[in-house]
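Trainee: attaching a predicted model along with its sequence, questions to come.
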Amino acid sequence: MNDFVYVPMPLDLYKEVLERSPNAPHTLIQNVVEDFLERTDVEYDPIERTGIYWDKLFLPDGTRIRTKRFNQVFEGEIKNDKIIWDGKSYNSVSQVINAMRGNTMNNAWLFAELKRPTDVTWILADNLRTKK
């Protein structure tokens, strides 16, 4: 059996949907939501967008990457298919995080914070990885 979520909507709006699609209003609503999700999916659209993949996580162009070390904040940015920090170009998040942290070996998932163009706040990379 499928799992369902019930979303409240104004009764007058639902009545109008029912008038236009009397046999299957739930299918109409589901189709509209699925269409919206397809049109707004930027994470898996590498043809239209530039950026880099980090494991299965796509980081689009304009994503900011930061880490902290000894009360200092170091920040870089993804431009096209590279990460730019301190005038240098890096191919991976791990490389740039290790450089930012004094060329030491670090688990970048635990030390990198990301802010993609659509994000409002900084997010620990490991939290994004566990969502996948």
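Mentor: Received the coordinates, thanks.
Trainee: quick one: average confidence on the longest helix along the chain?
Mentor: Using DSSP state H to assign secondary structure, the helix with the most residues in the chain is helix 25-39. Along helix 25-39, the predicted confidence averages to a pLDDT of 74.
Trainee: same check on stretch 95-115?
Mentor: Per-residue confidence for stretch 95-115 averages out to 93 on the pLDDT scale.
Trainee: renumber starting at 44 from here on
Mentor: Okay, using 44 as the starting number, the last item reads as stretch 138-158.
Trainee: break this structure down into its structural domains.
Mentor: Structural domains annotated on the chain: 44-83, 94-174, as defined by automatic domain parsing.
Trainee: next, the buried residues of the following helix or strand past the longest helix of the chain.
Mentor: In the C-terminal direction, the helix or strand that comes right after helix 68-82 (DSSP states H and E) is strand 94-97. In terms of neighbour count (16 or more other CB atoms under 10 Å), strand 94-97 has its buried residues at 94-95, 97. In short, each C-beta sits where N, CA and C put it, glycine included.
Trainee: sorry, back to before: most tightly surrounded among the domains of the chain?
Mentor: Burial among the domains of the chain, expressed as mean neighbours by mean count of other CB atoms under 10 Å, is greatest for domain 94-174, which shows a mean of 16.
Trainee: can you give me the strands in this structure?
Mentor: Under the criterion DSSP state E, the chain carries strands at the ranges 94-97, 100-103, 107-112, 115-122, 125-128, 131-133, 156-158, 166-167.
Trainee: closest to Met143 out of these?
Mentor: Met143 lies closest, by CB to CB, to one member of the strands of the chain: strand 115-122, at 3.9 Å.
Trainee: adding distance to Asn149, write the strands of the chain out as a markdown table.
Mentor: Output for those, formatted as a markdown table (distance: least, CB to CB, whole Å):
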| stretch | distance to Asn149 |
| --- | --- |
| strand 94-97 | 14 |
| strand 100-103 | 17 |
| strand 107-112 | 8 |
| strand 115-122 | 12 |
| strand 125-128 | 14 |
| strand 131-133 | 14 |
| strand 156-158 | 13 |
| strand 166-167 | 13 |
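Trainee: which of these sits closest to Glu77?
Mentor: Evaluated over the strands of the chain, closeness to Glu77 peaks at strand 100-103, with 20.5 Å, by CB to CB.
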